[in-house]
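Asks: Below is the structure, and that's it, no one-letter string:
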């Protein structure tokens, strides 16, 4: 029964997608065919990665935008390195100005984690006779084959346990010691012979994916100590972890990892190529726009002509202001010539000799 308060919300969708692909390939290859189950696991990966295609593209764009902002981020670190609160505020401001969301860069990676957990649980649940984890069930082989596994029916469970390649069951792992009775055929040498090449291919695919991502980084981003450390982990530690962890994982899980890296390699090549074409198209468009705005040979640039016209208007205005200044300067001189007794401040005239001064008013001439 479906339980919304458990991880069934992950297990049921994962098993449902795998069930659809299994029914298709089982119709073509047979219900207990090893490759029918292997292809159903691989196409489960392809389906989920196709659903996450748009977030993956946003992740790539966010990563490239982060590389473009590295010079400004370094300037902020240099300026506010000692003030962490101010540094955080300035970083948020910078991200908001450029529409940068760091969560988008982690979304596809984070989304694959529950898918991996769900697939691992569903595949391990096909064989419940050995028991694993907290609350593990210990069932005999007959009872195990009579119980369904999420979307898969009890008959499907039996077909999964019977699927093998040269005695290597698809649900077995190299160091498995419990639950071996659930398989009709189990040959450890065959499990190792089938699992080791897939495991090595998964590690090599992980390395080349990491190498392609590192090669596309800008020099400024690669020079960052934290980025350099992450590059080393991606190039050497992660591929080695895939190879080292392979013996402890079912063959179907190793195939999942291989298929995931194959898809990632092709998708990165396609998305980066498309983004580079978009950037080249934008550059050509900008160059064409500049070429259209450029003046013909021998003609003055439009901006220069505008600046000269503006300068001419400014010159005329200056000349007019000079003329006004001259007129204003001449006016007082003219007034001074006609009325020598008047001061520049507009004071009253000086009385003539023999006239009686009249306070507060003009002086009247004495009648003779």
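Replies: Okay, I see it. As the structure is a prediction and not an experimental result, all values here were calculated from the model. Numbers count the residues shown, from 1 in each chain.

Asks: For whatever helix or strand residue 278 lives in, which helices and strands make contact with it?
Replies: Following DSSP states H and E, the helix or strand that holds residue 278 is helix 251-293. Counting contacts by 3 or more CB pairs under 8 Å, 6 or more residues apart in numbering; DSSP states H and E, helix 251-293 packs against helix 34-51, helix 53-68, helix 102-125, helix 188-215. For the C-beta atoms, the positions are set from N, CA and C on the backbone; glycine is no exception.

Asks: which residues are contacting the first one?
Replies: Read it as helix 34-51. Residues from elsewhere that reach helix 34-51, judged by CB atoms under 8 Å, 6 or more residues apart in numbering: 14, 17-19, 21-22, 24-26, 28-30, 56, 112, 115, 119, 123, 160, 163-165, 170, 252, 255-256, 259-260, 263-264, 267.

Asks: what angle sits between it and helix 188-215?
Replies: 20 degrees (axes from the mean of the first three to the mean of the last three CA atoms, to 10 degrees).

Asks: Give me the buried positions along helix 34-51.
Replies: Neighbour counts over helix 34-51 (16 or more other CB atoms under 10 Å) mark 34, 36-45, 48-49 as buried.

Asks: That one relative to helix 251-293, how many degrees between them?
Replies: 30 degrees.

Asks: Quick check on residue 32: phi, psi?
Replies: Dihedral pair for residue 32: phi -110, psi 20, per degrees, to the nearest 10.

Asks: isn't it right up against residue 162?
Replies: Yes - with contacts counted by CB atoms under 8 Å, residue 32 reaches residue 162, the gap being 4.4 Å.

Asks: Now do the same for residue 336: its pLDDT.
Replies: With respect to pLDDT, residue 336 scores 45.

Asks: Let's test this: mean pLDDT of stretch 178-196, rounded?
Replies: Rounded mean pLDDT across stretch 178-196 is 88.

Asks: ends of that stretch, how far apart?
Replies: Using CA to CA, to the nearest Å, the end-to-end distance of stretch 178-196 comes to 20 Å.

Asks: re the thing from before, among the helices and strands packed on helix 251-293, which is the most enclosed?
Replies: The highest mean neighbour count among these, using mean count of other CB atoms under 10 Å, belongs to helix 34-51: a mean of 20.

Asks: Now the closest residue to residue 33 other than its chain neighbours: phi and psi?
Replies: Once flanking residues are discounted, residue 33 sits nearest to residue 163: 6.4 Å by CB to CB, 6 or more residues apart in numbering. The phi/psi pair for residue 163 (degrees, to the nearest 10) reads phi -70, psi 120.

Asks: picking that back up, would you turn the helices and strands packed on helix 251-293 into a markdown table with distance to residue 153?
Replies: Shown next, in a markdown table, are the helices and strands packed on helix 251-293 (distance: least, CB to CB, whole Å):
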| stretch | distance to residue 153 |
| --- | --- |
| helix 34-51 | 15 |
| helix 53-68 | 32 |
| helix 102-125 | 13 |
| helix 188-215 | 26 |
